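Asker: Give me a model of this one.
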Amino acid sequence: MASQPAPRRPSAAARYLVVLVIGLVAGAICSVMLLRALQARQDPFPDALMQVMGRQSSELRKAVEANRCTASDALPRLQSLRAMANDVETAFPGLRDDTRFATAASGLRATLDTALAAPPQDCAQLTTVVERVGEDCKACHRDFR
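Answerer: Numbers count the residues shown, from 1 in each chain. Model prediction:
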């Protein structure tokens with residue numbers, strides 16, 4: 001009688017592949033959970049304040065480019081920047097006692113106060129105000145960013 005070949009054992013590769021995929025999915029889920037937990041511990045206020053102030057400054061620059069430089073166009077943006085400038089020290093409590101930071105923040109407020117006291121009436125004046133505000137922002141970012 002002829003002997004029959006021994007039955008072949010199924011390959012373990014499929015099991016290894018399933019375990020690998022399950023491990024990757026579990027790792028991805030755990031990574032997302034960890035990143036969310038770390039993100040929840042961070043204060044979004046400083047970044048949000050800087051983004052909104054940057055957007056207001058950007059909108060003022062766009063107004064100059066579009067030749068929309070009347071006081072009624074610029075005043076709301078300048079008022080928003082001034083109101084947010086009040087919260088700069090609150091947003092960065094670790095820097096509150098630093099004299100360079102306090103000087104930069106008060107310089108920004110002084111520039112905005114001057115612009116609000118005599119609102120820009122044309123594009124040349126608005127350009128000057130936007131440049132001064134940008135210089136005040138750069139003075140702080142140069143040292144603390």
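
Asker: what about the residue minimising distance to the centre of the chain, which helix or strand?
Answerer: Taking C-alpha atoms, centre = their mean, the centroid of the chain lies closest to residue 47, which sits 4.3 Å from it. Residue 47 belongs to helix 45-65 when assigned by DSSP states H and E.

Asker: same check, this time on residue 23
Answerer: helix 13-41.

Asker: May I see the buried residues of that helix?
Answerer: Of the residues in helix 13-41, none count as buried by neighbour count, 16 or more other C-beta atoms under 10 Å. C-beta: built from backbone N, CA, C; applies to glycine.

Asker: and if you look at stretch 117-127?
Answerer: 119-120, 123, 125-127.

Asker: which residues are contacting stretch 38-58?
Answerer: 77, 80-81, 84-85, 87-88, 90-92, 130, 133-134, 137 (C-beta atoms under 8 Å, 6 or more residues apart in numbering).

Asker: Neighbour-wise, which one of those residues leads?
Answerer: For these, neighbours were counted using other C-beta atoms under 10 Å, and residue 81 has the most, 24 neighbours in all.

Asker: Any figure for the gap between the closest residue to that residue other than its chain neighbours and residue 112?
Answerer: Spatial nearest neighbour of residue 81, chain neighbours left out: residue 56 (5.0 Å); criterion: C-beta to C-beta, 6 or more residues apart in numbering. The gap separating residue 56 from residue 112 is 11 Å, by C-beta to C-beta, to the nearest Å.
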